[in-house]
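Q: this is the structure alone, sequence omitted:
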């Protein structure tokens, strides 16, 4: 078990104390004797609605009308009962139901029946949970529901009678007031930003909320400056957060303009910084690299967001504040995690993947990290966060970060309490290619070892040379009687077929388009073991990984290489060039 310094213990204690205080305040806000504060005798008026950029599927409307609710990989058939009275099959299913993100599917069908169905379901929620429900009024769910109700208001309120209009607006205003009062209790990171975005939506869309515009805008600006890093990454280091934020910030910017107000400069600046980072994390097939909580890429949503990118330039190669490096060479792209873990309050989805990398060739990903599935995330989350789920080195079967697995309900998850502090990175670009040399001290406190990874990608992208080395943290000798076994892992994409060579020192890799790559070492034996790629669009998929085992005292450095083998035409038959079959 990794050691925790006094400073880390202090930060953890302060974090726990703050969360405990906020939990008490949240409990007071939810007390039946105090809920009256969020009711209103006046009815606000809806003056404008934001655009919803999320894609919709009109076929889902028929399922919902039939009482079949298929969310997050689970299906509940209500059989004429209210879905809000059903026992949720999973927390993810409940979140999707109660945040009303499915309203966009009803809007896509856009008929009198779907409008009536939407109003009926909203009315049911107001009757069943509109007063209070522990899950339904959870702040992250509440924030998304406010955004969804406002975005779909023109569809929902078309042909609505005065009674429903008043109930809808009164409930919406009550939720906004509760959210504003409980803002400080929201979890740091994306949940807090989404709550502030929801409040700004409400402030601009509801006439009765306009008095809060200055305060809500100021808080949003402060949070954007705190969370969006100078290079455009998010403080959580999760690439997927950028898409989630942009899909809400872009309509918010439009709302300001529609109300004849100048959008705050901080919003424009944040959007302008985040857009290039979307391209930074993308492989040529359009999918994001699997770092720090990234799951299946929402390709359709990403395309929608990128349509707002006026620059559309080449992605940057160095993101020092976010802690990532990128190399583009020929048909190859390499992305590498060279950063420290996220700060403690926003580390609930952070991964122990320091110095892991991903490699793609043309439209195919070759080396990947395991990522997270689109559904049933909690079943896989801790497995996916551990170092063995990444294409990097694991030392003594111990992750490079330590996770605090106590009081997860209070802390909103399992944060990282210790990990690499000193991550060094050097980059050298020359005519022959790009060299990255990085090291981290994540294993120094317990094992006295510094891990260094050197990779060099040739200018044409067809050759990747690497070396993983280990040196004593004190610069002299390894600690006495310390275990020093390591495993260097290279997880392969499920579409790649791998065959180990007979000498045990190499692997032939066949891509879907029949391109061939070879993996080789200078003498170390390689193994092919089972793995799982969690971030597939259709769920987890079986795959394999290349593993090199060793002992840091006996073999303190391991050199390896990945080489593309150009096809060699041998002869022509009937005007068609044929290639020799490789002995796989």
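A: Now that the structure is in, tell me what you want to look at. Everything numeric in this text was worked out from a predicted model, so none of it was measured. Numbers count the residues shown, from 1 in each chain.

Q: next up, the contacts around residue 498.
A: 492, 507-510, 528, 544, 546 (CB atoms under 8 Å, 6 or more residues apart in numbering). Backbone N, C-alpha and C define where each C-beta goes, glycine included.

Q: assign a three-state SS to it, would you?
A: strand (DSSP: H, G, I helix; E, B strand; the rest coil).

Q: hang on, the earlier thing: pull out the buried residues from the contacts of residue 498.
A: 492, 507-510, 544, 546 (16 or more other CB atoms under 10 Å).

Q: with distance to residue 454 and secondary structure as extra columns, can I get these in CSV?
A: Converted to CSV, the buried ones among the contacts of residue 498 look like this (distance: CB to CB, whole Å; DSSP: H, G, I helix; E, B strand; the rest coil):
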residue, distance to residue 454, secondary structure
492, 21, strand
507, 21, strand
508, 24, strand
509, 21, strand
510, 27, strand
544, 25, strand
546, 18, strand
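
Q: tell me which two of those sit farthest apart.
A: With distances taken as CB to CB, the most widely separated pair in the buried ones among the contacts of residue 498 is 510 and 546, at 13.8 Å.

Q: ends of stretch 384-395, what's the gap?
A: One end of stretch 384-395 sits 17 Å from the other (CA to CA, to the nearest Å).

Q: skipping its backbone neighbours, what lies nearest residue 474 in space?
A: Of all residues beyond its chain neighbours, the one nearest residue 474 is residue 448 (6.7 Å), with distances taken as CB to CB, 6 or more residues apart in numbering.

Q: contacts only, for that neighbour.
A: Contact analysis of residue 448 by CB under 8 Å, 6+ apart lists 472-474, 478-479, 482.

Q: okay, now the unreliable bits of this protein?
A: Within the chain, the ranges that satisfy pLDDT under 70 run 1-7, 19, 22-23, 25-43, 313-314, 481, 568-584.

Q: tell me what the closest residue to residue 86 other than its chain neighbours is bridged to.
A: Leaving aside its chain neighbours, residue 86 sits nearest to residue 76 (5.5 Å; criterion: CB to CB, 6+ apart). Residue 76 has these beta-bridge partners by DSSP bridges: residue 69.

Q: give the contact list for residue 76.
A: So residue 76 contacts 68-69, 83, 86, 88-89, 93 (CB under 8 Å, 6+ apart).

Q: from residue 466, how far off is it?
A: Here residue 76 is placed at a distance of 49 Å from residue 466 (CB to CB, to the nearest Å).

Q: what of residue 369?
A: In terms of CB to CB, residue 369 sits 16 Å off from residue 466.

Q: ok, the two, which is more surrounded?
A: When residue 369 and residue 466 are compared for neighbours, residue 369 comes out ahead with 27 against 19, by other CB atoms under 10 Å.

Q: I'd say that one and residue 289 touch.
A: Yes - judged on CB atoms under 8 Å, residue 369 makes contact with residue 289 at a distance of 7.4 Å.

Q: between those two, which contacts overlap?
A: residue 358.

Q: what sits against the nearest residue in space to residue 207 that is not next to it in sequence?
A: Closest residue to residue 207 apart from its sequence neighbours, by CB to CB, 6+ apart: residue 45 at 4.4 Å. With contacts defined as CB under 8 Å, 6+ apart, residue 45 is in contact with 169, 206-208.

Q: quick one: which of these sit in helices?
A: residue 169 (DSSP state H).

Q: of all the contacts of residue 45, which two lie farthest apart?
A: 169 and 207 (9.9 Å).

Q: intersection of neighbour lists for these two?
A: With CB under 8 Å, 6+ apart as the test, residue 169 and residue 207 both reach 44-46.

Q: tabulate the residues you listed (CSV), appending distance to residue 329 and secondary structure.
A: CSV is the format used below for the shared contacts of residue 169 and residue 207 (distance: CB to CB, whole Å; three-state DSSP):
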residue, distance to residue 329, secondary structure
44, 56, coil
45, 57, coil
46, 53, strand
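
Q: looking at those residues, which is nearest residue 380?
A: Nearest to residue 380 among the shared contacts of residue 169 and residue 207, with distances taken as CB to CB, is residue 46, at 40.8 Å.

Q: count of residues packed around that closest one?
A: So residue 46, with other CB under 10 Å, has 19 neighbours.

Q: same check, this time on the one 10 residues further on
A: Residue 56 is flanked by 18 other residues according to other CB under 10 Å.

Q: quick one: secondary structure of it?
A: Going by three-state DSSP: residue 56 is coil.

Q: which non-adjacent residue is nearest it?
A: Nearest residue to residue 56, sequence neighbours excluded (CB to CB, 6+ apart): residue 108, at 3.7 Å.

Q: one more: residue 507?
A: Among residues not flanking residue 507 along the chain, residue 519 sits closest, at 4.3 Å (CB to CB, 6+ apart).

Q: and for residue 201?
A: In space, and not counting its chain neighbours, residue 201 is closest to residue 150: 5.2 Å by CB to CB, 6+ apart.

Q: does the one you found sit in a helix, a strand or a coil?
A: Taking three-state DSSP, the label given to residue 150 is helix.

Q: for it, which residues are in contact?
A: 46, 49-50, 172, 201-202, 205.

Q: narrow those residues to those in helices?
A: Applying DSSP H to the contacts of residue 150, the entries found in helices are 172, 201-202, 205.

Q: phi and psi next, for residue 220.
A: When read as degrees, to the nearest 10, the backbone of residue 220 gives phi -70, psi -40.

Q: mind listing what the spatially closest residue to it that is not a sequence neighbour touches?
A: Excluding the flanking residues, the one nearest residue 220 by CB to CB, 6+ apart is residue 196, at 4.4 Å. Residue 196 makes contact with 183, 216, 219-220, 223 under the criterion CB under 8 Å, 6+ apart.

Q: mind putting these in CSV, neighbour count and secondary structure included?
A: Below are the contacts of residue 196 laid out as CSV (neighbours: other CB atoms under 10 Å; DSSP: H, G, I helix; E, B strand; the rest coil):
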residue, neighbour count, secondary structure
183, 17, helix
216, 22, helix
219, 18, helix
220, 24, helix
223, 19, helix
